[in-house]
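[1] return atomic coordinates for the entry below.
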Amino acid sequence: MQTPRTPRIDIALLAPGTISWRLGRVVANVVVSPQTIGGIFSEASASDADALLLWDPALGTPDPEVVLQLFGQTAEVHHAGLCLGQQRRPRVVDFIEPLWMHNCDVPADIESTSWRMSLRACLIRRSVLEQMSGPCAEFHSLDAVALELGFRWLKRGVFVRHTPLLVGGRELASPELDVHDELLFARRAFGSSWMWWAATRAPLVGAWNPAESARQGAASFAWPMPARETFRRPETPAQPRGNERVSVLVPTIERYPYLRVLLDQLRRQTVKPHEIVVIDQTPVADREPALPDEFRDLPLRWITLDRAGQCSSRNAGLLATTGDHILFVDDDDEVEPTLIELHLRALARFACDVSCGVAHEEGIAALPENFTFTRASDVFPTNNTMIRKTLLKRTGLFDLAYDRQQRADADLGMRVHLTGALMVLNPEVEVLHHHAPRGGLRKHRARVITYASSRNTLLQRHLPSPSELYLGKRYFGDTRVREALWQRTFGTFSAHGDFVQRVAKGTLGALFLPDTVQKMRQISASAQAMIDQRQAIPELP
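    Numbering: from 1, shown residues only. Here you go, the predicted structure:
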């Protein structure tokens, strides 16, 4: 048998120093700055090296065995940014995407998905250097360069992982970013409109000097915008183990015609389910007791609940499951015969803990562009997701505070994220979601006005629900919740359509503003009451 080739990993030192390095070439004794780091990237992408390790000699000598171990893992980029002063940076993100899952840092001693890179300890595969554009030389600091690279790469499909093992748990501090770097990051990451929003909001809360914010904003017209590459990793066929048992979890309420279609499609799976657990919450008078008899050929387990609730029902189903993996689907989904097989292949191929698919909505426009390529997931869709059951022992089950309310899936997704688990969004795993006119959250009137309907209707306002702010308060804190409320308030002035529609919506938004503010205060108070009354999250034995 041929001995596997040891990968060549070149190392570039970011400060004066010398080290002994057996895995590749050492690039040293160069003055590294935002203006010169691009040359190192370009040289590495054109070399024969398999990866580039950027390193600060102040951290000592990197462990070659650790570097080889990390190179052999799924992620294309490993860094130690959360150990090296990049937590909660840049501050500008709090004004733009305050409640984004990946804006919530996992503790620095846990390996996790994080775009908050530091170039002082960063291992990058050559495939990333070849496909993705490199550093922006307009930044003042290397820390800002790294943050923008990490954000762009993560958003465009690169698996970027914070790995404290890379530095052996050592920590270093970093100076604060200046306003120029904060706003340049905002422009490149979110666009000019959001940059100006942040340039306005930050001085109002005392984060920056107003004059400096205005001056840097005015200079932004000369700042470059990044290319829009999408990272495409090579196909690496992976066979799931043949003995993996999949429990399919299907809550249902008043949707028997849809449920029949789904169960019939589960009959045709290329990988057969270990069990299908249906949690029937249909009112007793409307139930069809004979329905399970139509599917005697399936490994069906039927649980009935007299009180409906998406969290209590899923928890009841999870406690009854006996499989190794849980596949969450909705009763109004239609699925392909390969659904289970593709999820298992994704778990094996990416060595991930959660495989998230996509849902095509009946009668809705095509999926957003960032749902068309494989990337680290920032969503946990309970209508098409497979998770290793052992992970639920670490996260707990669904929080009953969300029962009959929105965002229960996002809350479980946040807890998965905070364990450091790798969640992968794979657009090859598809379902068709019908948005049935009855049942589900519609039964509880928890989803009446959506973002889309508010933008297309003059009189509708898309205000947050108490459970949405409850999630924000739990994981992000009151400061970022405040920014989310500002955004939603100004969103009541916005509409899609022609000039007349936009003016009309803006006028109505201004007229309704006192009422909007009052409702926001009431919703926030309800969310705080949920926090104060919060009970322990049920656990999986």
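
[2] so what's L425 up against?
    356-358, 371, 374-379 (Cβ atoms under 8 Å, 6 or more residues apart in numbering). Yep, even glycine has a C-beta here, placed from its N, CA and C like the rest.

[3] confirm A359 sits in a helix?
    No: per DSSP: H, G, I helix; E, B strand; the rest coil, A359 lies outside any helix segment and is strand.

[4] for it, give the beta-bridge partners.
    Under DSSP bridges, the beta-bridge partners of A359 are V431.

[5] might one say that it is in contact with N384?
    Yes: using Cβ atoms under 8 Å, A359 is in contact with N384, at 5.4 Å.

[6] anything in contact with each of the two?
    Common neighbours of A359 and N384 (Cβ under 8 Å, 6+ apart) are 333, 430-431.

[7] with pLDDT, neighbour count and distance to R404 as added columns, please give those residues in JSON lines.
    Listed next are the shared contacts of A359 and N384 as JSON lines, based on pLDDT from 0 to 100; neighbours: other Cβ atoms under 10 Å; distance: Cβ to Cβ, whole Å:
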{"residue": "D333", "pLDDT": "95", "neighbour count": "22", "distance to R404": "21"}
{"residue": "E430", "pLDDT": "96", "neighbour count": "19", "distance to R404": "29"}
{"residue": "V431", "pLDDT": "97", "neighbour count": "22", "distance to R404": "24"}
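
[8] circling back to that earlier point, looking at A359 and N384, which is more packed in?
    More neighbours surround N384 than the other of A359 and N384, with 25 against 21 (other Cβ atoms under 10 Å).

[9] and the gap between that one and P299?
    20 Å (Cβ to Cβ, to the nearest Å).

[10] now P514
    57 Å.

[11] which of those two has more residues huddled nearby?
    P299 (15 against 9).

[12] which one is that one nearest to, not counting chain neighbours?
    E275 (4.6 Å; Cβ to Cβ, 6 or more residues apart in numbering).

[13] if that neighbour is in a bridge, with which residues?
    Taking DSSP bridges as the rule, E275 bridges to S247.

[14] just give me the neighbour total for it.
    17.

[15] that one touches D324, doesn't it?
    No: using Cβ under 8 Å, E275 is not in contact with D324; the gap is 11.3 Å.

[16] can you name the element that comes right after the worst-scoring helix or strand of the chain on mean pLDDT?
    Every helix and strand of the chain was ranked by mean pLDDT, DSSP states H and E. The lowest is helix 451-456, at a mean of 70. Once the chain leaves helix 451-456, the next helix or strand it forms, by DSSP states H and E, is helix 466-475.

[17] C-alpha coordinates for that next one, CSV please?
    The C-alpha trace of helix 466-475 is given here as CSV (Å, rounded to 0.1, in the frame of the first residue of the first chain):
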residue,chain,number,x,y,z
PRO,A,466,-42.5,38.6,21.8
SER,A,467,-40.9,35.3,21.2
GLU,A,468,-38.5,36.8,18.6
LEU,A,469,-37.3,39.4,21.1
TYR,A,470,-37.2,36.7,23.8
LEU,A,471,-34.7,34.9,21.6
GLY,A,472,-32.7,38.1,21.1
LYS,A,473,-32.6,38.9,24.8
ARG,A,474,-31.4,35.3,25.6
TYR,A,475,-28.5,35.1,23.2
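
[18] pull the residues that contact the helix or strand following it.
    For helix 466-475, the following helix or strand on the C-terminal side (DSSP H and E) is helix 478-491. Contact partners of helix 478-491, identified using Cβ under 8 Å, 6+ apart, comprise 94-95, 98-99, 103, 201, 454, 462-464, 469, 472-473, 513, 516-517, 520, 524, 527.

[19] drop anything exposed from those.
    Burial by neighbour count, 16 or more other Cβ atoms under 10 Å: within the contacts of helix 478-491 this picks out 94-95, 98-99, 103, 201, 454, 462-464, 469, 472-473, 516, 520, 524, 527.

[20] run through the stretch 401-541 of the chain and note the low-pLDDT ranges.
    436-449, 451, 454 (pLDDT under 70).

[21] just the buried residues of stretch 350-359, please?
    350, 352-359.

[22] first-to-last residue distance for that stretch?
    Taking Cα to Cα, to the nearest Å, stretch 350-359 runs 21 Å from one end to the other.

[23] so who does P34 touch?
    Here P34 is in contact with 135-142, 144-145 (Cβ under 8 Å, 6+ apart).

[24] next, it: secondary structure please.
    Strictly by three-state DSSP, P34 counts as coil.

[25] distance of it from I40?
    With Cβ to Cβ as the criterion, P34 and I40 are 12 Å apart.

[26] just L469 next, same as before
    Distance from L469 to I40, by Cβ to Cβ: 45 Å.

[27] same question, R480
    Distance from R480 to I40, by Cβ to Cβ: 35 Å.

[28] excluding chain neighbours, give the residue nearest to the residue nearest in space to the middle of the chain in space.
    Against the mean C-alpha coordinate of the chain, by Cα atoms, centre = their mean, the closest residue is D378 at 1.1 Å. Nearest residue to D378, sequence neighbours excluded (Cβ to Cβ, 6+ apart): M101, at 4.4 Å.

[29] who are the contact partners of that neighbour?
    Here M101 is in contact with 378-379, 410, 413-414, 417 (criterion: Cβ under 8 Å, 6+ apart).

[30] try L540
    Counting by Cβ under 8 Å, 6+ apart, L540 touches 318-319, 389, 392-393, 396-397.

[31] next one: T74
    So T74 contacts 159, 350-352, 422 (Cβ under 8 Å, 6+ apart).

[32] nearest to E182 among those residues?
    Set against E182, the nearest of the contacts of T74 by Cβ to Cβ is F159 (26.2 Å).

[33] in what helix or strand does the closest residue to that closest one other than its chain neighbours lie?
    Sequence neighbours aside, A75 is the residue nearest to F159 in space, at 4.1 Å (criterion: Cβ to Cβ, 6+ apart). Per DSSP H and E, A75 falls between elements, in no helix or strand.
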